[in-house]
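Asker: A structural model of the following input is requested.
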Amino acid sequence: MSKFTVLFLVIVALSRTCLGQSLLNAYNGCRTEFNVDMDTYNALKNGDFSVRSPLIECFGECLVKKAGFMNDDLSFNKDTIIKFVTRFIKKEDAEEVYQKCTSNVEPSLCTMAFDVYQCMYENSYAKWGTKKPNQKVE
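Answerer: Got it, this is the predicted structure:
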């Protein structure tokens, strides 16, 4: 699976609600739950996925679930993801990001959700038309 793109940018860009759930609140709740230090937390909020570890992957799964993008059975909420991503990019691009980030993923504890999150962040950011310095977008 390729790099993961959309969600982290969106988290950084806004703290609005996502279908009644504040993404920022989900982010902060998972940070507390997994005791993620501020440097790592800020790195992830800014799209720096080099801090990845098993703990951070589980933090990512927590975030994706609390934000409503994924269910406990590891299925994805396409409508929720599309509605969220279309805040930043065109609907047809959001559909493409959804397909790219949720197809051909193997269910595994924590890893899959983090991969999808990273993919959504990176691919949406690329479609948005800007790129952070030193960030590789595929």
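Asker: How about the contacts made by the residue lying closest to residue 60 once chain neighbours are set aside?
Answerer: Spatially, and ignoring its direct neighbours in sequence, residue 60 is nearest to residue 114 (3.3 Å; Cβ to Cβ, 6 or more residues apart in numbering). For the C-beta atoms, the positions are set from N, CA and C on the backbone; glycine is no exception. By Cβ atoms under 8 Å, 6 or more residues apart in numbering, residue 114 lies in contact with 4, 52, 56-61, 64.
Asker: Pick out the most distant pair among those.
Answerer: Farthest-apart pair in these is 4 and 58; separation 15.4 Å (Cβ to Cβ).
Asker: picking up where we left off before, and the residue nearest to residue 60, what helix or strand is that in?
Answerer: helix 111-128 (DSSP states H and E).
Asker: gap between that helix and the chain center?
Answerer: 5 Å (Cα atoms, centre = their mean, to the nearest Å).
Asker: Which residue is the nearest non-sequential neighbour of residue 90?
Answerer: residue 127 is the one closest to residue 90 (Cβ to Cβ, 6+ apart), at 7.6 Å.
Asker: er, residue 43 actually
Answerer: Nearest non-adjacent residue to residue 43, counting by Cβ to Cβ, 6+ apart: residue 51, 4.7 Å away.
Asker: Which residues does stretch 69-82 contact?
Answerer: 7, 18-19, 61, 64-65, 67-68, 84, 91, 94-95, 98, 102, 107, 112-113, 116-117, 120.
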